[in-house]
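1. Dropping the sequence and predicted coords here.
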Amino acid sequence: MPHTLGQLAARFGLELRGDPDATVDAVATLQHARAGTLSFLANPRYRRHLEGTEATAVVLDPASAADCRTNALVARNPYAAYARIAALLHPRAEPSPGVHPSAVVDPGAQLAPSAHVGAHVFVGPGCRLGERAVVGPGCMLEADVHVGDDTRLVARVSLYRGVRLGRRCLVHAGAVLGADGFGIAQDRDGWVKVPQVGGVQVGDDVEIGANTTIDRGAIEDTVLEDGVKLDNQIQVGHNVRIGAHTAIAGCVGISGSTTIGKRCLIAGAVGIVGHLEIADDVVVTGLSMVSSSITKPGMYSSGLPAIETGDWRRAVARLHRLDELFDRVKRLEKGAAASGGDDGVPGDVRAGSA
Amino acid sequence: MPHTLGQLAARFGLELRGDPDATVDAVATLQHARAGTLSFLANPRYRRHLEGTEATAVVLDPASAADCRTNALVARNPYAAYARIAALLHPRAEPSPGVHPSAVVDPGAQLAPSAHVGAHVFVGPGCRLGERAVVGPGCMLEADVHVGDDTRLVARVSLYRGVRLGRRCLVHAGAVLGADGFGIAQDRDGWVKVPQVGGVQVGDDVEIGANTTIDRGAIEDTVLEDGVKLDNQIQVGHNVRIGAHTAIAGCVGISGSTTIGKRCLIAGAVGIVGHLEIADDVVVTGLSMVSSSITKPGMYSSGLPAIETGDWRRAVARLHRLDELFDRVKRLEKGAAASGGDDGVPGDVRAGSA
Amino acid sequence: MPHTLGQLAARFGLELRGDPDATVDAVATLQHARAGTLSFLANPRYRRHLEGTEATAVVLDPASAADCRTNALVARNPYAAYARIAALLHPRAEPSPGVHPSAVVDPGAQLAPSAHVGAHVFVGPGCRLGERAVVGPGCMLEADVHVGDDTRLVARVSLYRGVRLGRRCLVHAGAVLGADGFGIAQDRDGWVKVPQVGGVQVGDDVEIGANTTIDRGAIEDTVLEDGVKLDNQIQVGHNVRIGAHTAIAGCVGISGSTTIGKRCLIAGAVGIVGHLEIADDVVVTGLSMVSSSITKPGMYSSGLPAIETGDWRRAVARLHRLDELFDRVKRLEKGAAASGGDDGVPGDVRAGSA
């Protein structure tokens, strides 16, 4: 349904520079926009496409608005403003209430009348689905699972016994919540399984990506606080706690019993070892390994950028010989000191006192 | 069904050295072959098993053929020739056309008469299945999904709304195509979800591994061109484009809006950050992080080989003290220059001008 | 059901220091225990919670027992002893024998009378389920799959044609066993698929985590020996062999044709390249890349710990300039030798002979 720019400006508290009666009915990129669409500029990388865009309107910040030749919706945070308008222009299809005839729902489950249960779903005993909850095709809810109001499991999601999901969550296909944590005790003859009797608690407004796995706690619960956003293919170990509004990109692995603070940003393929404490407002860049607790907000890294393989091989060979190089430099320093050519302070001592 | 070596040589354009009437009906490794089987030699690592093999025939290259004591099928590219013969000897079981009674197919879906829909499948409105398309048990096709002729979804594959798959594709169990990209806009109170309204377009002859995830585009489409081969557990972010015939090994993560060229080889567990351009014919070795665009064909690396932990800890400690070591060497150079023991050109300058 | 400490001590061969008639009916952490629960102390990190615990009993080792103010169950291996008691206190719910009416079971499949087949399961022709085998909701068993006695597939597990699972295995949701290995042969016009005609053999007492993938062999089988424990999101390539009682943490990737020994410990997110041999009793720490065979037991590493990003960037820049630094040190050594300030032995030679 088309919306006028005047309506959008009023509804989202934006400044409109242009025609309030112009309408948009879809979003588009600056580069490929056509008349009747709305675009946005948030990443300076795409500024070069602003001048030539055929979008009917562009959401952008005050500094960029001067360069905009079409209608401008000026926002302090253009990406967030764009996101809200896009949700209005492209509403999610809401499945109708009811239970698909092919679904298997235990008579002991409690479903809100407005809940939707799709094809080939299994809902075990003791489960509860909130108002407007959506359980898409192929989901398996083992037993005693609670799904909050307006939460949506898209398809083929597995929720083990006792998992709790808050309101307005979105869980993508293939996600598994509540599988056993990796608890094994070494014994003479191999491994003894440690029963995993804790649960999984997920707050409100949490998004969980496709094929992401969140293990149940060993004794107490694994916890995702409100507003946590997880991308695809993430592994969250048992008894991990992730603080409110922390966002984690794809392929991250978090080992057991680690606590991550609020509003953290963890980039893709980071590995975090177990039993750590990560402070609030920590950023970890891609492919880093967090192997000790982080007590201060800030940005942390250990990902290595790829270079040409020949250069890289030489660098690695050198890295493995650093011990030797430090020794050689120390020897040179001693020689220089003996011959009066240096200040006589051994480098190691200096570094140690830094 | 047995084939004579004469038939195989003629059919695949190979030179036969040996008995054209000998027959083979299965493949085997050189080491464990028995009479009646066909083996191959492509990796020099396994050449030691050639002499003693009991295979009835071996596919190998001209240089190795002289060492072959059994029938030889000589090929310039023995691995590719072997692959074609193996496909003939071990044909895939083709399920019969029709819809399993337990499947749920929306009346608005269009299925070619020769398509197969397995048990517990869900096919939503607007979907189209091409000739001989196979949708294996437990697959979920949300809506408006197109599956091309001869494409096979093995089992438990999720295709979200609007996903397009070309012809002769193979998608393994647990793969998810079209889940929302990780688009979130930071706002004062947390995150605003950015609607993901683009799609996923997959060309012809694409293979997608088990539990691999390919996100839908934010506005425009995520694209896999013809002949792309993806292994298991790969994450492809929104608006990524992967060029024709590029092959990507398991556990790779590709962040949003990155373009990968044609005929690239990406080894296992590589991470590629977002918004990059990777040229055609680029090779990236295992566990590397690609954090800037690559404009030249070639091989790139940053994976670190494991060594004994004690040695590694010392190397890491040294790595963290490299700044200091550079300073110490600079100081020594100054001392040497002052005492006439060096050529007086500071190393930093020299390196900078290289 | 409550158990007395006397019963537990007798059953598990533990020394009881305290009241044999006290009862416990659940496990708890030291910190949050209440009366009637049993806790344990195995990780010294949590010793600080021992003094104040309200647990009725604690399992711990002799050295810690003196500090225990409540009933102590003393064990040489307290974690393993705890694991066994916890399994007694928290028995797994065992589904009743029989086939759910919504399951689709091929008439040619053989099911033990005590086996359980859940909702929306597909069991293809030639499959065999052992006594008390459990196939949870949404599992897909293609054909000729054997599941041993007491083995449990929790939910949404895919087993391709011919997969063999031993006894007492546990396979978590979303796992895929037997998908095609990543076998492709490069040809002029792209890739030729190499048929994957081997199988997957899994021994007894193996646990496989959620969304883990284990590829079928190219010609012979991929093998997991008895007692192997795999966490979530692991990728095991074709023709890999994993030795008995080896444990592998989440997000590990193992490339094709690699053999891993017995009793190895592979930490999270490790990558292991193909065609290697890893000895028995090898430990690899997190995020390491194993790129050559390991012939000696021991601990191996290449994971880099994250540090502040600014420091890290400098370290990486320095790493890329190590070649230059080695050259500069060599030049200084030559100068020192010429001026008599060093012992005249070039460092490179010395290192080379070490």
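-> Ah, there it is.
2. So which residues of chain A form helices?
-> A:5-12, A:62-65, A:78-89, A:309-320, A:322-338, A:347-352 (DSSP state H).
3. Correct me if wrong: A:Ala42 contacts A:Arg76.
-> No - if you go by C-beta atoms under 8 Å, A:Ala42 and A:Arg76 don't touch, sitting 11.4 Å apart. In this view, the C-beta of every residue, glycine as well, is placed from N, C-alpha and C.
4. shared neighbours, these two?
-> Common neighbours of A:Ala42 and A:Arg76, using C-beta atoms under 8 Å, 6 or more residues apart in numbering or on different chains, are A:Asp61.
5. Looking at these two, which is more packed in?
-> A:Ala42 (21 against 11; other C-beta atoms under 10 Å in any protein chain shown).
6. Can you tell me how far the more buried one is from B:Leu276?
-> 18 Å (C-beta to C-beta, to the nearest Å).
7. just A:Leu287 next, same as before
-> Applying C-beta to C-beta to A:Leu287 and B:Leu276 gives a distance of 14 Å.
8. ok, those two, which is more surrounded?
-> Taking other C-beta under 10 Å, A:Leu287 and B:Leu276 do not tie; A:Leu287 has more neighbours (32 against 18).
9. Would you quantify the distance from that one to A:Ile214?
-> Distance from A:Leu287 to A:Ile214, by C-beta to C-beta: 22 Å.
10. before we move on, what about A:Asp226?
-> From A:Asp226 to A:Ile214 the distance is 15 Å (C-beta to C-beta).
11. higher neighbour count, these two?
-> Between A:Asp226 and A:Ile214, counting by other C-beta under 10 Å, A:Ile214 is the more crowded of the two (31 against 18).
12. OK, contacts around that one?
-> Counted by C-beta under 8 Å, 6+ apart, A:Ile214 has contacts A:175-178, A:200, A:202, A:208, A:222, A:224, A:236.
13. Just name the closest of the residues you listed to A:Asp106, please.
-> A:Gly178 (17.1 Å; C-beta to C-beta).
14. tell me the domain boundaries of chain A?
-> A:3-89, A:98-300, A:318-352 (automatic domain parsing).
15. out of the ones you listed, which comes closest to B:Ser102?
-> The nearest among the domains of chain A, by C-beta to C-beta, is domain A:98-300 at 7.4 Å.
16. I'd say A:Thr29 and A:Leu41 touch.
-> No - in terms of C-beta under 8 Å, A:Thr29 does not count as a neighbour of A:Leu41; the distance is 10.2 Å.
17. Can you list the low-confidence ranges for the stretch 201-350 of chain A?
-> Scanning the stretch 201-350 of chain A for pLDDT under 70 picks out A:340-350.
18. still on that earlier bit, now for the domains of chain A, which one comes closest to C:His3?
-> Of the domains of chain A, nearest to C:His3 by C-beta to C-beta is domain A:98-300, at 14.5 Å.
19. Span of the closest one from start to end?
-> Taking C-alpha to C-alpha, to the nearest Å, domain A:98-300 runs 48 Å from one end to the other.
20. and that domain, how far out from the chain's middle?
-> 12 Å (C-alpha atoms, centre = their mean, to the nearest Å).
21. One more: stretch A:95-105?
-> 30 Å.
22. Enumerate the positions of it that are buried.
-> A:95, A:97, A:99-100, A:102-105 (16 or more other C-beta atoms under 10 Å in any protein chain shown).
23. wait, does that stretch contact chain C?
-> Yes - under the criterion of C-beta under 8 Å from any C-beta of the partner chain, chain C is reached by stretch A:95-105 at A:102, A:104.
24. so, in contact with chain B or not, that stretch?
-> Yes - judged by C-beta under 8 Å from any C-beta, stretch A:95-105 comes into contact with chain B at A:100, A:102.
25. which residues are contacting that stretch?
-> A:111, A:113-123, A:132, A:134, A:136-137, B:102, B:104, C:100, C:102, C:119-120, C:137.
26. rerun that using 6 Å as the cut-off
-> A:114, A:116-123, A:134, B:104, C:102, C:119 (C-beta atoms under 6 Å, 6 or more residues apart in numbering or on different chains).
27. Of these, which is the nearest to B:Lys330?
-> Nearest to B:Lys330 among those is A:Val134, at 64.2 Å by C-beta to C-beta.
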